[in-house]
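Trainee: Requesting a structural model of the entry that follows:
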Amino acid sequence: MAKVKRVPLIAGNWKMNLDHLQSIAFVQKLAWTLKDANHDFGVDGAEVAVFPPFTDLRSVQTLVAADKLDVRFGGQDVSEHESGAYTGEISGAFLSALDCRYVLVGHSERRTMHGETDEQLARKVAAALKHGLVPVLCVGETADDLEAHGPSAVPVAQLKAGLAGITGSPEIVVAYEPVWAIGSGKAATPEQAEQVAARLRETLAEVLGDDVAAATRILYGGSVKSSNIASLMREPNIDGALVGGASLDVAEFASISRFSKHVGT
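Mentor: Numbering: from 1, shown residues only. Down below sits the predicted model:
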């Protein structure tokens, strides 16, 4: 597999937090904080993206465009359908029209609370790609899964199923989020996260080929904070983080985004 230098991605999933006015204030302050710190949004720093609630996206789009901010943004979910009688659904076309760059697919909360299946998520991945969105496909195991099947078995199976029917060289992002770590305050160790990330990259090579596997960014999500991001980012197959609660604090999220400044400590 060819060695590719991937641009790190720090992504903040705001879940059902912050209204559109709060999102505007947050993105402004985040952008200013990173600018004041001379943050590099490229390969020597990190791309920074936020995932606000759907009702905030237009406001964030307008702000980012008007102020020419470097912060990217995306949707928290996407419908497998194009249009029609699907009350509450948001199509990929709608997200694309709002200049979204990314969309989350298969977050653990969607899998557990909404019963989303691997087959459905594969259709959502395809819908995102069709509309020029980069799907952030979330995979991960519960504590029971870990005990029953060991590390990587469930995430690998979810990745294979989520990419069913996908061909060519798509741009995707994979987020490994061990469900047992989310919100617990206790992240997976860097070694645990790397073991799964390495297996996910091997799976990408099996499914989509070496070039796609080498170029695809794999994120870790699960109790990420500024105090542990550097150790996670030292691992060769971890290319960023999907941040939950810590992404709602501007100073903390900016510090996580600037991991490269303390990755050697």
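Trainee: Pretty sure residue 26 is one of the things residue 63 touches, is it not?
Mentor: No - the criterion here is C-beta atoms under 8 Å, and residue 63 misses it with residue 26 at 10.1 Å. Quick note: C-beta positions are derived from backbone N, CA and C, even for glycine.
Trainee: Between those two, which is the more surrounded one?
Mentor: Neighbour tally, residue 63 and residue 26, criterion other C-beta atoms under 10 Å: the higher count belongs to residue 26, 24 against 19.
Trainee: how about the more buried one, secondary structure?
Mentor: Three-state assignment for residue 26 (DSSP: H, G, I helix; E, B strand; the rest coil): helix.
Trainee: now do residue 84
Mentor: With three-state DSSP as the criterion, residue 84 reads coil.
Trainee: per-residue confidence at it?
Mentor: Residue 84 carries a pLDDT score of 97 in this model.
Trainee: Count the residues that sit near it.
Mentor: Burial measure for residue 84: 8 neighbouring residues, criterion other C-beta under 10 Å.
Trainee: tell me the strands in the stretch 1-150 of the chain, going along the chain?
Mentor: 9-13, 47-51, 72-75, 102-105, 134-139 (DSSP state E, counting those that start in this stretch).
Trainee: which residue sits closest to residue 5, ignoring its sequence neighbours?
Mentor: Nearest residue to residue 5, sequence neighbours excluded (C-beta to C-beta, 6 or more residues apart in numbering): residue 43, at 5.5 Å.
Trainee: how about the strands of the stretch 151-265 of the chain, start to end?
Mentor: Assigned by DSSP E, counting those that start in this stretch, the strands in the stretch 151-265 of the chain fall at 173-176, 217-220, 240-243.
Trainee: Ok, which of the ones you listed comes nearest residue 258?
Mentor: strand 240-243 (12.3 Å; C-beta to C-beta).
Trainee: average pLDDT across the closest one?
Mentor: Averaged across strand 240-243, pLDDT comes to 98.
Trainee: Thank you, goodbye.
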